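# Any chance you can model this:
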Amino acid sequence: MAKLIHTMIRVLDLDKSITFYADVFGLKESYRLDFPDFALVYLRNEEADAEIELTLNKGRTEPYTHGTGYGHVAFVVPDAAGAHAALVAKGYEPTPVKEFKRGEELLARFFFIQDPHGYKIEVLERYGHYR
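Below is the predicted model of the structure:
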């Protein structure tokens with residue numbers, strides 16, 4: 001069965017966002033991935049399994065609108081390829097399964113699918129940080 005693991009939002013000021021979510025919801029940084037062009041910071045508290053993923057696209061100065069600020073909701077499954085094949089068999093059109101790596105280190109295996117209203121949903125294989 002699928003389990004909700006995170007929701008992603010794009011931010012311009014990472015520190016301000018981290019402070020807000022800590023102050024308002026008691027969320028603390030649980031994991032961080034920093035790359036030359038972007039950074040991902042995951043926030044959670046002890047009461048929930050699901051996290052907020054803050055995405056900072058480095059160099060962006062223009063504020064996001066809700067239309068460009070929404071990223072995705074994510075679910076984790078035991079086998080991304082198997083879940084992908086099952087969705088295709090049901091007539092859905094998910095994107096191809098991809099691997100997210102840092103050098104040769106596998107960080108995640110995933111694909112996206114859109115809901116009927118066009119909202120992106122990420123489906124990650126249960127692996128590493130994504131459990």
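# Flag the helix or strand of the chain with the lowest per-element mean pLDDT.
Least confident helix or strand, the chain: helix 66-69 with a mean of 84, by mean pLDDT, DSSP states H and E.
# Show me the contact partners of it.
Helix 66-69 is contacted from outside by 9, 10, using C-beta atoms under 8 Å, 6 or more residues apart in numbering. C-beta here means a position set from N, CA and C on the backbone, and glycine is covered the same way.
# Just list what the helix or strand residue 121 falls within packs against, helices and strands only.
Assigned by DSSP states H and E, residue 121 belongs to strand 120-125. Under the contact definition 3 or more C-beta pairs under 8 Å, 6 or more residues apart in numbering; DSSP states H and E, strand 120-125 sits against strand 70-77, helix 80-89, strand 105-114.
# hmm, 6 Å instead?
Applying 3 or more C-beta pairs under 6 Å, 6 or more residues apart in numbering; DSSP states H and E, one finds that strand 120-125 contacts strand 70-77, strand 105-114.
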